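Q: Any chance you could fold what I've pasted below:
(one chain, ligands or ions: 1)
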Amino acid sequence: MKFDIITIFPNIFDGFLTESLLARAQKLGIIKIGIHNLRKWTTDRHQKVDDKPFGGGVGMVMKVEPIFKAVRSLRPDKKTRVILFSPRGKKLDQKTAKRLSKYQQLILICGRYEGVDERVAEYIANEVISIGDYVLNGGEVATIVVIEAVSRMIPGFIAKQESALKFDHAQYTRPEIVEIKKGGKIKRLKVPAVLLSGDHAKIEKWRKKHGALT
Ligand code: ADE
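A: As a prediction, this is how the structure comes out:
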């Protein structure tokens, strides 16, 4: 799968995409990540990517044409999904991550400033995604979230695919009892007995009850 990121802050992605599992997956050829500076598709001397909003108001709006040209140059086809990030989009969840992992290319458009000309959502993007009900400075962090969540669903990304969702229930490790001092008293923090019972059916039931995502 290829992730193509369109952004005006390409450096934001540096460390993040070159560490850990994402670095490994790129080395193994499981994923490819292209980072594209939107200003490359401007034609004026100032490499302008934004302009004043029609109807007045504060702030600037990202223009359609550079985004249109950037997407076109990345050669989208039937196996491509073009995604725009916006707090007004559909909320990301595990099901969406899984669905997106089936495409061969995701083109991820990072909005900045006060917004993006609505024609990008209407005519260029296939879907608009939000990562939560809060406003970020732009879509870059949301892009990183989507790349992580989607990559984990691609076969081979995680050595043991069944652990791709392992964080979906409460987990404990050794020691069985941890002692901490709180308000002058010693507290003994124990692991739920069922997890030590060796009864796999009971353990499964307990895990389902404690926070399964799926
Ligand atoms: N851009 C600004 N806020 C956002 C959010 N919550 N999700 C996705 N993109 C955004």
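Q: Just give me the neighbour total for R45.
A: 6 (other C-beta atoms under 10 Å). Yep, even glycine has a C-beta here, placed from its N, CA and C like the rest.
Q: One more: Q26?
A: 16.
Q: Ok, the one 10 residues further on next?
A: By other C-beta under 10 Å, the residues close to H36 number 18.
Q: Give me the three-state assignment for it.
A: Under DSSP: H, G, I helix; E, B strand; the rest coil, H36 falls in the strand class.
Q: in what helix or strand does the closest residue to it other than its chain neighbours lie?
A: Distances taken as C-beta to C-beta, 6 or more residues apart in numbering place I6 nearest to H36, at 5.2 Å, with adjacent residues excluded. Under the criterion of DSSP states H and E, I6 resides in strand 2-7.
Q: and the helix or strand bottoming out on mean pLDDT in the chain, what does it pack onto?
A: Among the helical and strand segments of the chain, the one scoring lowest on mean pLDDT, DSSP states H and E is helix 14-17, with a mean of 88. Contacts defined by 3 or more C-beta pairs under 8 Å, 6 or more residues apart in numbering; DSSP states H and E place helix 14-17 against helix 20-27, helix 140-151.
Q: just the CA coordinates of that helix, formatted as CSV?
A: In CSV, the C-alpha atoms belonging to helix 14-17 read as follows (Å, rounded to 0.1, in the frame of the first residue of the first chain):
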residue,chain,number,x,y,z
ASP,A,14,10.4,13.1,9.5
GLY,A,15,11.1,11.3,12.7
PHE,A,16,7.7,9.7,13.1
LEU,A,17,7.7,7.7,9.9
